[in-house]
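Asker: show me how the following folds:
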Amino acid sequence: MNVQITFLGTSNAIPTAERNHPAIWLEWNAERILIDCGEGTQRQIKKADLNPCKLTKILLTHLHGDHVLGLPGLLETLEMSEYARQLDIYGPKGTARHLELLQQTYGKFNIQIKVHELPCNIETDDWKIEAAPMDHGIPAWAFAFIIKERRRLDKAKIKRLKLPNTPLLGEIQKGKDVVINGKKVKAKDLVYVQPSTKVAIIMDTKFNQNAIEIAKDADLVVCESTYAEKEKEYAENYRHLTASQAATIAKRAKAKSLILTHIAQRYEQNLKFIENEAKKIFKNVRVAKDLERKEIRLND
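Answerer: Down below sits the predicted model:
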């Protein structure tokens with residue numbers, strides 16, 4: 001299965017008629033991961049025809065309202081929908097206290113929630129999530145979802161050699177030579193390495209080296225782009241990025257593609273201005289739209 005990304009909200013702090021508050025839905029295999037949960041996110045999930053009860057994790061980049069005010073409504077919906085699994089919520093220092101205050105205000109969310117405050121490890125045998133601290137005036141993090149490189153069997157060669165479906169194929173995949181029907185089969189002739197696949201998500205921050213590192217060699221970088229270059233001073237003061245800076249991050253990271261999000265309402269009628277500014281530095285870039293889907297094919 002390829003990585004699927006749905007942009008649920010692509011505005012900045014002030015939503016528009018076309019853009020909801022920030023939220024991104026990422027799925028691969030059994031994982032359904034929500035990155036940030038701005039106001040109105042659960043309705044966007046419905047409009048995108050996604051199932052909130054399949055959520056496995058929520059990643060919070062930081063605790064500013066436009067990135068978290070959708071949480072209480074979403075958690076209440078999960079409770080009323082009899083959400084039956086453990087929901088792991090990862091966020092900066094203060095996330096656990098934030099959840100406590102929400103429950104003091106709205107009542108206990110009667111679902112199983114486990115809060116993990118960054119930095120912490122998020123890793124399985126097949127994939128991992130890396131996190132890097134950003135510079136936004138409060139604790140803030142960027143994330144990279146990484147599918148690890150894998151040893152794969154060349155099915156076409158197996159078919160051509162008429163090898164039977166046997167547990168020995170699993171040994172070949174591990175790199176071991178085996179004997180099948182009296183004939184030695186060399187792993188190197190049937191196994192290839194599928195390279196890793198990486199999606200980096202960088203939200204509110206000023207330009208910093210960690211942003212480049214978290215995006216290094218990414219197949220896709222999703223990056224905030226709140227200001228134009230002519231407003232670089234505002235970006236510096238409010239610890240946000242310009243379109244040019246987002247493009248510079250992607251270029252220095254040697255990423256394959258870039259999608260700009262967290263778009264200020266002032267640019268809603270002139271998105272090409274932001275996109276073209278970034279393209280002067282990094283060619284493979286475009287501006288995200290709400291409810292747009294992006295598929296990242298696994299590297300072969």
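
Asker: tell me the mean pLDDT for stretch 8-15?
Answerer: In this model, stretch 8-15 has a mean pLDDT of 96.

Asker: end-to-end on it?
Answerer: 12 Å (C-alpha to C-alpha, to the nearest Å).

Asker: with stretch 68-87 instead?
Answerer: By C-alpha to C-alpha, one end of stretch 68-87 lies 16 Å from the other end.

Asker: just for the protein, where's the confidence low?
Answerer: 300 (pLDDT under 70).

Asker: let's see it at 80
Answerer: 153-154, 158, 161-163, 168-175, 182, 185, 187, 189-190, 299-300 (pLDDT under 80).

Asker: show me the domain layout of it.
Answerer: The chain breaks down by automatic domain parsing into domains covering 3-149+195-296, 151-191.

Asker: chain center to the last one: distance?
Answerer: The reference is to domain 151-191. 35 Å (C-alpha atoms, centre = their mean, to the nearest Å).

Asker: deepest in the core, which of the domains of the chain is it.
Answerer: Stretch with highest mean neighbour count among those: domain 3-149+195-296 (a mean of 19; mean count of other C-beta atoms under 10 Å). Where C-beta positions appear, they are placed from N, C-alpha and C, glycine not excepted.

Asker: skipping its backbone neighbours, what lies nearest residue 13 in space?
Answerer: Nearest non-adjacent residue to residue 13, counting by C-beta to C-beta, 6 or more residues apart in numbering: residue 66, 4.4 Å away.

Asker: so who does that neighbour touch?
Answerer: For residue 66, the contacting residues are 11-13, 21-22, 38-39, by C-beta atoms under 8 Å, 6 or more residues apart in numbering.

Asker: those in helices, which ones?
Answerer: Counting by DSSP state H, none of the members of the contacts of residue 66 fall within helices.

Asker: from these, which is closest to residue 216?
Answerer: If you rank the contacts of residue 66 by distance to residue 216 using C-beta to C-beta, residue 22 comes first, at 23.2 Å.

Asker: pretty sure the closest one sits against residue 288.
Answerer: No: with contact defined as C-beta atoms under 8 Å, residue 22 does not reach residue 288; the gap is 10.4 Å.

Asker: overlap in contacts, those two.
Answerer: Residues within reach of residue 22 and of residue 288 at once, by C-beta under 8 Å, 6+ apart, are 10, 261.

Asker: now do the same contact list for residue 142.
Answerer: Applying C-beta under 8 Å, 6+ apart, we find residue 142 in contact with 61, 131-132, 134, 200-203, 205, 210-211, 214-215.

Asker: run the last query once more with 7 Å
Answerer: By C-beta atoms under 7 Å, 6 or more residues apart in numbering, the contact set of residue 142 is 61, 132, 134, 200-203, 205, 211, 214.

Asker: re earlier: tell me the one of the contacts of residue 66 nearest residue 236?
Answerer: Using C-beta to C-beta, residue 12 comes nearest to residue 236 of those, at 16.1 Å.

Asker: from residue 22, how far off is that closest one?
Answerer: 8 Å (C-beta to C-beta, to the nearest Å).

Asker: overlap in contacts of these two?
Answerer: Listed as contacting both residue 12 and residue 22 by C-beta under 7 Å, 6+ apart are 66, 262.

Asker: now the strands for the stretch 151-300 of the chain?
Answerer: 178-180, 183-185, 191-194, 197-202, 220-224, 258-261, 285-287, 293-296 (DSSP state E, counting those that start in this stretch).

Asker: now do stretch 145-158: distance to the chain's middle.
Answerer: That offset, for stretch 145-158, works out to 22 Å (C-alpha atoms, centre = their mean).

Asker: correction: stretch 287-300
Answerer: Put simply, stretch 287-300 sits 11 Å off its chain's centre (C-alpha atoms, centre = their mean).

Asker: who touches that stretch?
Answerer: 2-7, 9-10, 18-20, 44, 47-48, 147, 194-197, 199, 219-220, 259-261, 263, 271, 274-275.

Asker: may I see the contacts of residue 142 arranged in CSV, with distance to residue 165 as well?
Answerer: Shown next, in CSV, are the contacts of residue 142 (distance: C-beta to C-beta, whole Å):
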residue, distance to residue 165
61, 45
132, 43
134, 48
200, 38
201, 39
202, 44
203, 46
205, 50
211, 46
214, 41
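
Asker: looking at those, which is nearest residue 189?
Answerer: residue 200 (35.5 Å).

Asker: do you know how far that closest one is from residue 35?
Answerer: If you go by C-beta to C-beta, the gap between residue 200 and residue 35 works out to 11 Å.

Asker: looking at this, residue 144 is in a helix?
Answerer: No: with DSSP: H, G, I helix; E, B strand; the rest coil as the criterion, residue 144 is strand rather than part of a helix.
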